[in-house]
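> Let me see the structure of the following:
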Amino acid sequence: MSTTIPAPPAAAPPPPHRTRAVLAFARNAWRGLTSMRTALVLLFLLALASLPGALLPQRSLNAQLVDQYFADYPQLAPLLDKVGAFEVFATPWFAAIYLLLMISLVGCLTPRTIEYWRAMRQRPVATPRNLARMPHHAVDVVEGTPDQVLDRMDAQLKGWRRVRSADTISAEKGYLRETGNLVFHVSIVGLLIAMAVGKLFGYEGQVIVLANGSQFCNTSILGYDSFRPGLQVDGTELAPFCIQVNSFQADYLSNGQPEQYRAQLGYQTAAQVESGDAADWQDYELAVNHPLRIDGERVYLLNHGYAPRFTVTWPDGTQRTGEIQWQPVDLRTYLSQGATKFERPGIADPAERQRSSIAITGLFAPTSSGGQVVTSTFPDLLAPEAAVDVMRGDLGLDDGRGQSIFSVDQSKVDSGELTRVARENMVPGQSITLDDGTQIRFDDVTQWVALQISHDPGQEAVLVFALLMLGGLALSLSIKRRRFWVRVTPEGEGRSRVELGGLARTDRAGYGEEFDRLRTTLTDLLQPTGSGAR
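Numbering: from 1, shown residues only. So this is what the prediction gives:
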């Protein structure tokens, strides 16, 4: 005897009223999101959300100012940091507002674009039955049969879009207004898409290059000091151009304010680099707000600073020369801080190499105030002096942990693995000798420049759509949409009664004068024998 196991009952479909409720909610939510009112509210919220990015320092632009803000406002800064006030444009809530605004604008503008497209191709409406109700109206009696009058009037209304029937002419002018509206709305959507393309496939990186003939080649993201890729950029397909910074010149006013920054560059395009031509460099003077445009990239001059050059000579005669950028701590006088680090060459024993490593840390003043406490009084390189601490011991360079190039590992100092063995104020050419016979010489000062390389594949499209948007807006605001009707009826033998009507479709003054001029031209052409205008 066999038993049949009944199949489990199928899940019951949701009640129809529940499905309709869900669909109604989704439809109403979409209508609310894509309304013009919602778009304006989101635009206001976007502007409001951008205020912290304009008023507070941002880590992506200047991490030093953010650190200073934490030092100045130790209670407020951590609270602001929790809501992303120092990285406003990278926060999820800012991205959510931007995304909702984009969806709202696209959903709001698409039906309006279709509407303007239809209006742009629309034929003039039929002549109203009672033209006397129009804001502009006139009646004239002229010579000629109705067909003759209509032929002459039709010929005079060239440039008007018109429809002629047996006894009427319906004409309309100003369709470029709808074209302007269409271009304006399409350009907004195109502008949003172009900006999205730039965010997806663009990137921005910053690099510091010594202004002594040093080079930077855009072959890998490893060459950058900081790199912010777009969402679809992995850094493997960069245009491999090269830049060589030959010199840098800064001009200052008497009060220390910068007047002009200029860097003399040599550059090679990606094609030159790939061809292996290492001798042909093209010259360019890079200045603030005058970027170098090369292979679809833009190279900007952001900042500059100083890199003291030191030479360390150990007792056995081996030498090392170090030259690395020091960080400005006062942008008014360019007082800078930094650390130039050396490992003794020729030492095979790791422990001995760690014990004999040297770091030169301290402050550098391009124009020193003199005295025991070194500070800077002017940003130009007029009287350079460095107040240095010479540290000897384990710098932690072999620990595998990252550390700042502008300072030494404080934990090494606290543990005694790194100790100070000398403190001195030095000018270029001066030397000091340590207790073990090691000599440290302050050789010279080299300037460095901070360059920003930006790639935005949507920038040209943004410019085109922005210009089209302005052009479309100008057309929609300056052109009037107006209608003109003619009705001709027989008025005795050889004469016709001409009734004219006019209507401005936009609230713009001036159509009354245009209507009167058009009526006078037409009736003069037709040699009227009487008139009754209103």
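
> quick one, what contacts Gly32?
Shown in contact with Gly32 (C-beta atoms under 8 Å, 6 or more residues apart in numbering): Thr38. All C-beta atoms are positioned from the backbone trio N, CA, C, and that covers glycine.

> Please, which helix or strand holds it?
Secondary structure from DSSP states H and E places Gly32 in helix 16-33.

> Give the buried residues for that helix.
Neighbour-count burial for helix 16-33, counted by 16 or more other C-beta atoms under 10 Å, picks out no residue.

> which stretches of the stretch 151-300 of the chain form helices?
176-201, 270-275 (DSSP state H, counting those that start in this stretch).

> which one of those helices lies closest to Trp281?
Counting by C-beta to C-beta, Trp281 lies closest to helix 270-275 out of these; the figure is 8.6 Å.

> Let me see the mean pLDDT of that closest one.
Average pLDDT, helix 270-275: 87.

> hmm, who's touching it?
For helix 270-275, the surrounding residues in contact (C-beta under 8 Å, 6+ apart) are 217, 239-242, 280, 295.

> Return a selection command, for use in ChimeraX, containing the buried ones of the residues you listed.
Here is the ChimeraX command that selects only those of the contacts of helix 270-275 that count as buried (16+ other C-beta under 10 Å):
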select :239,240,241,242
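
> which one of the contacts of helix 270-275 sits closest to Arg152?
The shortest approach to Arg152 among the contacts of helix 270-275 belongs to Asp295, at 63.6 Å (C-beta to C-beta).

> what's that closest one in contact with, if anything?
Neighbouring residues of Asp295 by C-beta under 8 Å, 6+ apart: 239, 241, 269-270.

> Show me what secondary structure element comes after the helix holding Gly32.
Using DSSP H and E, the helix or strand that follows helix 16-33 in sequence is helix 36-55.

> ok, residues contacting that next one?
32, 80, 85, 88-89, 93-94, 97-98, 100-101, 104-105, 108.

> most tightly surrounded among the helices of the stretch 151-300 of the chain?
Highest mean neighbour count of the helices of the stretch 151-300 of the chain: helix 176-201, a mean of 19 (counted as mean count of other C-beta atoms under 10 Å).

> Check which helices and strands it is in contact with.
Where contact means 3 or more C-beta pairs under 8 Å, 6 or more residues apart in numbering; DSSP states H and E, helix 176-201 is packed against helix 92-121, helix 459-478.

> And the helix holding Gly32, how far out from the chain middle?
Centre-to-centre, helix 16-33 and its host chain are 38 Å apart (C-alpha atoms, centre = their mean, to the nearest Å).

> Just want the angle from that helix to helix 92-121.
Here the directions of helix 16-33 and helix 92-121 differ by 90 degrees (axes from the mean of the first three to the mean of the last three C-alpha atoms, to 10 degrees).

> just to revisit the earlier point, nearest to Leu381, of the helices and strands packed on helix 176-201?
Across the helices and strands packed on helix 176-201, Leu381 has its closest neighbour in helix 459-478 (36.3 Å, C-beta to C-beta).

> Name the secondary structure element that contains Ala138.
Here Ala138, judged by DSSP H and E, is contained in strand 136-143.

> Which strands and helices lie in contact with that strand?
strand 495-504, helix 511-525, strand 528-533.

> what's the angle between the helix holding Gly32 and helix 36-55?
Counting by the same axes, to 10 degrees, helix 16-33 points 50 degrees away from the direction of helix 36-55.

> then helix 16-33 to CSV, C-alphas only?
Presented in CSV, the C-alpha positions along helix 16-33 are these (Å, rounded to 0.1, in the frame of the first residue of the first chain):
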residue,chain,number,x,y,z
PRO,A,16,-4.6,43.0,-4.9
HIS,A,17,-5.2,45.9,-2.7
ARG,A,18,-1.8,45.6,-1.1
THR,A,19,-0.1,45.5,-4.5
ARG,A,20,-2.0,48.5,-5.6
ALA,A,21,-1.0,50.3,-2.4
VAL,A,22,2.7,49.5,-2.9
LEU,A,23,2.5,50.7,-6.5
ALA,A,24,0.6,53.9,-5.5
PHE,A,25,3.2,54.6,-2.9
ALA,A,26,6.1,54.1,-5.3
ARG,A,27,4.3,56.3,-7.9
ASN,A,28,3.7,59.1,-5.5
ALA,A,29,7.2,58.9,-4.1
TRP,A,30,8.6,59.2,-7.7
ARG,A,31,6.3,62.1,-8.5
GLY,A,32,7.4,63.8,-5.3
LEU,A,33,11.1,63.2,-5.9
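
> as a whole number, average confidence for it?
In the prediction, helix 16-33 has an average pLDDT of 82.

> One more: stretch 110-122?
81.

> let's have the chain start at 10 instead
Sounds good: first residue 10 from here, last item stretch 119-131.

> Centre of the chain to it, how far?
Once both centres are worked out by C-alpha atoms, centre = their mean, stretch 119-131 turns out to sit 31 Å from its chain's centre.

> Contact partners for Leu531?
Contacts of Leu531 were listed using C-beta under 8 Å, 6+ apart, and they are 162, 165, 507, 509.

> With pLDDT, distance to Leu51 and neighbour count as new columns, can those be given to me in CSV?
Converted to CSV, those look like this (pLDDT from 0 to 100; distance: C-beta to C-beta, whole Å; neighbours: other C-beta atoms under 10 Å):
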residue, pLDDT, distance to Leu51, neighbour count
Met162, 85, 51, 23
Gln165, 84, 50, 14
Val507, 89, 54, 26
Leu509, 90, 48, 23
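
> returning to that earlier point: mean pLDDT lowest for which of the helices and strands packed on strand 145-152?
Mean pLDDT is lowest for strand 537-542 among these, at a mean of 46.

> follow-up on the earlier one: pick out the shakiest of the helices and strands packed on helix 185-210, pLDDT-wise.
helix 101-130 (a mean of 83).

> Summarise which helices and strands that helix is packed against.
helix 25-42, helix 45-64, helix 185-210.

> Can I get those in a markdown table including distance to Ala357?
Shown next, in a markdown table, are the helices and strands packed on helix 101-130 (distance: least, C-beta to C-beta, whole Å):
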| stretch | distance to Ala357 |
| --- | --- |
| helix 25-42 | 69 |
| helix 45-64 | 53 |
| helix 185-210 | 49 |
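
> Which element, helix or strand, includes Pro87?
Following DSSP H and E, the helix or strand that holds Pro87 is helix 85-91.

> what two of the contacts of Asp304 are the furthest from one another?
Pairwise distances across these (C-beta to C-beta) peak at 8.4 Å, for the pair Ala248 and Thr278.

> can you list residues touching both of these two?
303-304.

> Tell me how many other residues surround Glu268.
Glu268 has 8 neighbours, counted by other C-beta atoms under 10 Å.

> returning to that earlier point: in PyMOL, how would I select the buried members of the contacts of helix 45-64?
Typed into PyMOL, the line below selects the buried ones among the contacts of helix 45-64, using 16+ other C-beta under 10 Å:
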select buried, resi 89+94+97+103+106+107+109+110+113+114+117
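
> Can you tell me which of the contacts of helix 45-64 is nearest Arg329?
Proximity of the contacts of helix 45-64 to Arg329 (C-beta to C-beta) peaks at Phe98, which lies at 42.6 Å.

> in the stretch 360-509 of the chain, which spans are strands?
Under the criterion DSSP state E, counting those that start in this stretch, strands of the stretch 360-509 of the chain are mapped to 366-374, 394-402, 427-435, 440-442, 448-464, 491-499, 504-513.

> Leaving out the residues flanking it, which one is nearest to Lys182?
Nearest non-adjacent residue to Lys182, counting by C-beta to C-beta, 6 or more residues apart in numbering: Trp169, 4.9 Å away.

> give me every residue that touches that neighbour.
So Trp169 contacts 180-182, 493 (C-beta under 8 Å, 6+ apart).

> can I get the contacts of helix 279-284 in TSV with distance to Pro324 and pLDDT?
Formatted as TSV, the contacts of helix 279-284 follow (distance: C-beta to C-beta, whole Å; pLDDT from 0 to 100):
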residue	distance to Pro324	pLDDT
Cys226	39	91
Ala248	49	87
Pro249	45	89
Phe250	45	91
Cys251	41	92
Asp289	46	84
Asp304	50	87
